[in-house]
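[1] A predicted structure for the sequence below; I have some questions about it.
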Amino acid sequence: MKTLTTFASAAVFAIAGGAASAQSITEIAAGDERFSTLVAAVTAAGLAETLAGPGEFTVYAPVNEAFAALPEGTVETLLMPENKGQLTDVLLYHVDDRELMAADFPAGSNYFKPINASERLCITSAAGGVSIADGTGTSANVIIANIEADNGVIHVIDKVLLPGTRPACH
């Protein structure tokens, strides 16, 4: 896995280019070891170029520990070429096609539609922070908000978001 991660990071840097002053979402993630599993997954799914390109994206970025908490073998299975579609669905569940800073989440619980439009997330903003309920009925916590990129924003989360049934939100 370490070799795959190193290769993936190098590939992301090659795809993303060398912007001197601003960095894309892909470049920021590739430059931070906490996201090495996410970078490997984004690269395997063929999404690195998209998240390095123009756009206004919000990415809910799980840290390596969030991937490690998945059932044993899940990450390795998703990274297999024959599972690219499923991997892509999971990753796109972490992306909104708008730039949403933490202050843009209204107080309380509200539905947000990730890029894979058939699913919803329930994002709750309260004095204690922001949490995101997924299709499994469990929630991720935003542990670092508002990492700005030249093509959007990253919110670091402590759980991999998984599609499923629509989370209860109100």
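    Arrived safely, thanks for sending.

[2] isn't Ala48 up against Val42?
    Yes: between Ala48 and Val42 there is a contact at 5.2 Å, judged by Cβ atoms under 8 Å. Yep, even glycine has a C-beta here, placed from its N, CA and C like the rest.

[3] these two: which is more packed in?
    Val42 (30 against 26; other Cβ atoms under 10 Å).

[4] now the helix or strand containing the more buried one, how far from the centre of its chain.
    Using DSSP states H and E, Val42 sits within helix 36-45. Centroid separation for helix 36-45 versus its chain: 10 Å, with Cα atoms, centre = their mean, to the nearest Å.

[5] any stretches of the protein with poor pLDDT?
    Confidence mapping of the chain against pLDDT under 70 gives the ranges 1-21, 117.

[6] show me what contacts Glu65?
    Listed by Cβ atoms under 8 Å, 6 or more residues apart in numbering, the contact partners of Glu65 are Asp158.

[7] how does it look with 10 Å?
    Arg34, Thr37, Asp158, Lys159 (Cβ atoms under 10 Å, 6 or more residues apart in numbering).

[8] what do you get for Ile28?
    16, 35, 51-52, 59, 61, 147-150, 152-154.

[9] now do the strands in this structure.
    Along the chain, counting by DSSP state E, strands occupy 57-62, 95-96, 108-112, 121-126, 129-133, 139-149, 152-157.
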